Each structure stands twice: as C-alpha cells, then as structure tokens.
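Trainee: what's the 3D shape of this:
(2 chains)
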There are 2 protein chains.
Amino acid sequence: MSDTQTLFALVAGATETAAIDGISAAGADPALMAHTPSADAEILAYGRPVRAPVVPVSPSGCPTPAVVTRAARERVDFESVVVDAGLAEPTGAPTVDVGAAPGGDVRDPEPVPDAGGIFADARRFGADLPAERLVLAETIPGGTTTAMGVLAALGERRAVSSSLPENPLELKREVVDEGLDASGLARGGLAGQPTDAVRQMGDPVLAAVSGLAVGALEAGTDVLLAGGTQLATAGALVRHAGLTADLELATTSFVAADDSADVRALASENDLALTVTDPGFDARDDHPAMAAYLAGEAKEGVGMGGALALADEAGVGMDSIRDAITAVYDRVTGEAAP
Amino acid sequence: MSDTQTLFALVAGATETAAIDGISAAGADPALMAHTPSADAEILAYGRPVRAPVVPVSPSGCPTPAVVTRAARERVDFESVVVDAGLAEPTGAPTVDVGAAPGGDVRDPEPVPDAGGIFADARRFGADLPAERLVLAETIPGGTTTAMGVLAALGERRAVSSSLPENPLELKREVVDEGLDASGLARGGLAGQPTDAVRQMGDPVLAAVSGLAVGALEAGTDVLLAGGTQLATAGALVRHAGLTADLELATTSFVAADDSADVRALASENDLALTVTDPGFDARDDHPAMAAYLAGEAKEGVGMGGALALADEAGVGMDSIRDAITAVYDRVTGEAAP
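Mentor: Numbering: from 1, shown residues only, chains lettered A, B, ... in the order given. Here you go, the predicted structure:
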C-alpha cells in the first residue's frame, strides 16, 4: 500500500420501496432487511458483522453477496471505503458522508428530495479521491425497482434483474407506473435530466453512485461500475449527464444469464464496456452459499461481479476465491450463532 | 489481510478550548486548526488530504504527525479506522459515528454534555470490534489542555505535554482552574467518576477513547494507547472506571524527553506499561519535517508513538520509516501546492 491504485467504494443506503411486499429478497424479513446495507458494509470492512444484529440472508437463507466480495478482498487486498448514501440503521463500518437520508417510496412524488445535493457532494468527492481507478458498488434492498423507475423516467429500457429466483417484473412495473403517475411523469419525461430522474423516481444510492462516477471521470480517474442492472442504471445516469468517457460495467454470470433483465442490452445502449465474471460455483454445488446462487438467488450485489473481475485481473484463480468464500462464510455464520 | 489482528483507531474531534490564544500549535492559524483533525484522518486513510483544504502544519511549518503515522502504515500495512468524536469540519475519510458533537470550552460548566452517551456508544463498539489488539490514537487541537482538566477533576498529577516547543503550562493551569471554578469542582472532586470528569472538564475525544478502551478490555481485546499525555489521561479514565486489566501506552521519545510533562510518572501512577520509541530523526536533521521534531515541535499525535512501536514490533527499521516519511511528506506537500 502506498498511494491508492484501485479504490473499491461501496455505496450503501435505503429506500422505503423495499418494504413493498414481494419486491426484494435482501433480508430474511422486512424488519431485518433495513439492517442489510449496514451489515454488508461491516462484512466488507471487517470480515463480519459488528454492530448490525444479523448476517443478511434471503428468506430462503442465501447469504449476502458481501461474503463473496469480502472473500475477493481478502485474496486481492484492494482498499475499500463505504459511502453512507442514506443508511436506515447504524453501521460499525467507517463511512463517508454525502449528506444523504434514506429514500422514500418510489410511488411518492419525490422519493429523494435532495438528489441534487447528494449528487453534487458525491461528484466533488469522486473528483478528489486519490485513486487511479474507482470501483463503484451498491447495497440497497429494493434498488432494482428504483433503478427501473429511473430507467423509465430517462426513457431507457426498463428491464432490471432481481435478488429473487423469480423476478417479480410485473409487480415492479406496476409500482413504477404508480410512481410515474404520482410524479406526473411520462416515460422518458426526464431524459437528459439525471438528478431530476433520481429525485422523482430513484433512490439515494443512485444519486451518490452517479455523482461519484461523474466526478471521478471528470478528474480523469477510471471508473468500473461493479454490479448488475442498478449499476447499469447509474451508467445511464452518467450518459444522461452528458459524459462520453469510457465506462466499464462488471457483473456476474448470474445476472448475465437472467433473461428477464437483459443487462447486455442495457450496457450496450449506454455504451458501457461489459465484463461478465463466472465464479464457477458449479464446482462447489454442495456448499450452501454457492448452491443458492446456482438456484438463481441473489445473483449480484455489494460489487460482487466487480470484485470477482478484480480478482481475475490480479491473476487470483476462482478456485482460490471459492476457498476464501467458504472461510468468510464459516466466520460470518459462526458469529451469527446465538 | 483476513480476520483483523491489529486495528489502529484514530479518534478525531474538536474542542473550543483550542481557540484560546496560545494553547495549541496544531494548525497554522485558528481558522485552519479546525480542519486539522479532518485532514489528519484523510492522511491516515488515503495518504494525502482529500476534502480538507490544507495540510496541517504548525505556525512555524512543522507538518502534522499524521505524516509519520501514515508512513508507518505504508510500511507495516496495519488496518485503520477513524472514529468521529466530534469533528468540526467535514472529512473525506470514512468515519465511525459514536454520536459525538464538537466539545465546548473547558472553561464552560459542561463542555461535553453527552460524555456519558459517547462513552457508552464507544464502549459497545470497542467490545464488538473484530480485532485482537486495538491501538487507540487521537487528533484534537487543544487536547492537552482538556486532558489537564480531566486529570485535575480526577485528582491526578496535572502535567501534560504540548505541541509547542515551549509548553504554555501556566496558561493551561489558569484555563483549567477557571474550568474547575465554572464547574463548581475541587481538584479530585470527580475521582472514580470518569464520564462526569469528561463531561465537566474534558473533550469528546477523551470520552470516545476511554469508552473504546473499556469496551475492548472487557471483551478481552488487548489495548495499546498510542500517544502522550492525552492518551495517558485516557488510561487514567480507564483506571477510574475500575478496570485493572493490562494496558499499554506507547509514545515518542520527544514526549518522554519533555520534562514539563513527565509522562513516565503519569504512566506509572496509572499502571500503564510505557513504551518509548525514538524514530532517529537526528540521522535526518536536514529534512524539514524531522528537524522540526528535533526542535521540540509537535512531539506526538495521531498515534505517532504507537505507529512507530508497531513498526518496531514488525521488524521494520526506523531507517525505512524515515524514508517513508520523506515520501509521504513530498506527496502531501506537493498536493498542497497551488
């Protein structure tokens, strides 16, 4: 470690949209889901939950992708930072403040009233960060629905992925249509107005991620968007802000295989260079964490696809990552025992 | 990096006491001094200031000891975290929140109204941190004066060190006497009541450091207090909280050589195992950063003595640390150029 080469920034926040029944699997139940971003931040920073009362799991028990990202970090040793983009619960992870509060329901007229302020603060921070390459990741339950809301407001294709094996796309579209109505918007009504699109149809994480990306790109820093359709939406926001600089998107094979999302089209339509990483979980289909991904759960999140791409670039084999996943999983679930 | 072995926690905050003319050299002038803890946190985290508008220097130009601590971190690669114990200005470093606001003037009746809450929050966090050894450091201009205030309230010897070559001890004693009067206290009036002593005579950093130490010790984590008389005061607070566990204090040879402070007596009276580390700056007395320390400036801060002790334990020679200091100094001051 000396001057920072690659900095992995996890942008963590909340949206009330997650409380809509059937929208998200990012927590065992709605009350615990509010702790998921705080716990994810701790797992990334420390390798286990610290203040958060739970290890985030889906209702069926699939552990958070933070386990995979932390495993990659333990093998690649990249530096990380957590940005508080509206956390709903306290976290023991150190966080950078961008003035964000938890977001409201996308069906409200204005779920992120201060989207412009968050974007501006994040943009300054992105420009100032001493990194040659900034990797941007998210953790926000309900975030694919707000991403769909933003895509609709921008007039982009509104296909998004899901942490559920069966993507509740119909429900998401109904929710987004209700949000457009509440905001008095037609589809595409906010093309070229990215912060307004987030303010009326998004979540605070999208405001911060797009601000960080714009600031970093303007400062000449390389940016890797680490995630699936939410990060692709952040890429669309960057494009609607008028930036044409090179921009990478790295996601998992699980998102890429999700036909309901079509991340490839979303990437190509927004000029994002897509990398798809396959962690080879079929080689360990007896392990509860990896088997759940093979069954279609979680798919991505906490920058999992980007972290795997960093491991790949560093020449760390996926067999080594899988070993690290089992170690982190054992540590994390051991801590969770009563 | 896997599970954290040693975690270096920088506890950063503010006290209005620093604004008293002649009290502190932790900034080029009083307005810039308010940014010193925020900048120190950034230098520790990133190796240079990010959001803070300045590189902290004394009025004569001595750079902040954060340069030395960061240099040690670049050679030893220990993990670090910043605790926001009442920062007065924004920082780009990620911080952990313990509910602290900047402290008032020690001459006020109650400069840290929520000392009990900060202590309790820090204690929980100290107990939960996944480290085998917690190293605690401070950055708070004016902090030796509030330390003296707390020592007076506890009835301990009230000799403290200074970031100035000539320790303004008489001024500090007058200020502390005024504080005791304002709080209606006699010397020793709050022996055995550590959080009350901080509430009436201290600063929010002392509340957080002592809480972190107590929580960590109660959880069986080793604690190293990294600093001079302020950290020794935190050690006294731990003792007045009734804990008798082993507790280390590591400081620099510059503090140990300061007869006005007598850190050895303060350590021994509070049963703190003292380590004194000499970075051998006389071998580089042509370098502006190191020459200033030889002339009696700064002496300690940002855990400098503890960071040097970690380097020593890791077998990293002081010649290597001095080389790293020149590299960090060049990077930091290069950034500061217009």
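
Trainee: residues contacting the residue in the stretch 1-150 of chain A positioned nearest to chain B?
Mentor: The stretch 1-150 of chain A approaches chain B most closely through A:Pro94 (3.5 Å), counting by C-beta to the nearest C-beta. C-beta: built from backbone N, CA, C; applies to glycine. Listed by C-beta atoms under 8 Å, 6 or more residues apart in numbering or on different chains, the contact set of A:Pro94 reads A:45, A:81-82, B:81-82, B:93-96.

Trainee: what residues does chain A put near chain B?
Mentor: Residues of chain A lying near chain B by C-beta under 8 Å from any C-beta of the partner chain: A:1-4, A:45-48, A:50-51, A:73-74, A:77, A:81-82, A:90, A:92-97, A:124-125, A:128-130, A:327, A:331.

Trainee: and A:Asp29, how many neighbours?
Mentor: When counting by other C-beta atoms under 10 Å in any protein chain shown, one arrives at 7 neighbours for A:Asp29.

Trainee: typo on my end, it should be A:Met148
Mentor: 27.

Trainee: all strands for chain A, in order.
Mentor: Per DSSP state E, chain A carries strands over the ranges A:6-12, A:79-84, A:95-97, A:133-139, A:222-226, A:248-252, A:273-277.

Trainee: thinking again about what came up before, which of the residues of chain A next to chain B count as buried?
Mentor: Buried members of these, counted by 16 or more other C-beta atoms under 10 Å in any protein chain shown: A:4, A:45-48, A:50-51, A:73-74, A:81-82, A:90, A:92-97, A:124-125, A:128-130, A:327, A:331.

Trainee: shaky segments in the stretch 201-338 of chain A?
Mentor: Residues of the stretch 201-338 of chain A that meet the criterion pLDDT under 70 lie in A:335-338.

Trainee: show me where the stretch 101-250 of chain A has its helices.
Mentor: A:115-128, A:143-154, A:169-182, A:194-201, A:204-218, A:229-240 (DSSP state H, counting those that start in this stretch).

Trainee: for the shortest one, list the C-alpha coordinates in PDB.
Mentor: Spelled out, that is helix A:194-201. Taking Å, rounded to 0.1, in the frame of the first residue of the first chain, the C-alpha atoms of helix A:194-201 are listed here in PDB:
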ATOM      1  CA  PRO A 194     -30.400  12.700 -14.400                       C
ATOM      2  CA  THR A 195     -30.700  14.200 -11.000                       C
ATOM      3  CA  ASP A 196     -34.400  15.000 -11.500                       C
ATOM      4  CA  ALA A 197     -34.900  11.400 -12.600                       C
ATOM      5  CA  VAL A 198     -33.400  10.200  -9.300                       C
ATOM      6  CA  ARG A 199     -35.200  12.800  -7.300                       C
ATOM      7  CA  GLN A 200     -38.600  11.800  -8.600                       C
ATOM      8  CA  MET A 201     -38.200   8.100  -9.300                       C
END
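
Trainee: chain center to it, what's the gap?
Mentor: 18 Å (C-alpha atoms, centre = their mean, to the nearest Å).

Trainee: now the angle between helix A:115-128 and that helix, please.
Mentor: For helix A:194-201 against helix A:115-128, the angle by axes from the mean of the first three to the mean of the last three C-alpha atoms, to 10 degrees is 130 degrees.

Trainee: give me the contact list for helix A:194-201.
Mentor: A:106, A:109-116, A:119, A:146, A:149-150, A:152-154, A:176, A:179-180, A:183, A:185, A:190, A:206-207, A:210, A:237-238, A:240-241.

Trainee: now those residues: which count as buried?
Mentor: In the contacts of helix A:194-201, the ones that pass as buried (16+ other C-beta under 10 Å) are A:106, A:111-116, A:119, A:146, A:149-150, A:152-154, A:176, A:179-180, A:183, A:185, A:190, A:206-207, A:210, A:237-238, A:240-241.

Trainee: identify the residues contacting the residue lying closest to A:Ser24 once chain neighbours are set aside.
Mentor: Closest residue to A:Ser24 apart from its sequence neighbours, by C-beta to C-beta, 6 or more residues apart in numbering or on different chains: A:Pro141 at 4.4 Å. By C-beta under 8 Å, 6+ apart, A:Pro141 lies in contact with A:14-15, A:18, A:24, A:26-27, A:33-34, A:36-37.

Trainee: repeat that with 6 Å
Mentor: A:Pro141 makes contacts with A:18, A:24, A:26-27, A:33, A:36, as judged by C-beta atoms under 6 Å, 6 or more residues apart in numbering or on different chains.

Trainee: please apply the same query to A:Gly301.
Mentor: With the criterion set at C-beta under 6 Å, 6+ apart, A:Gly301 makes contact with A:Pro65.

Trainee: repeat the analysis, applying 8 Å as the threshold.
Mentor: A:Gly301 sits next to A:26, A:40, A:64-66, A:138-139, A:163, A:227-228 when contact means C-beta under 8 Å, 6+ apart.
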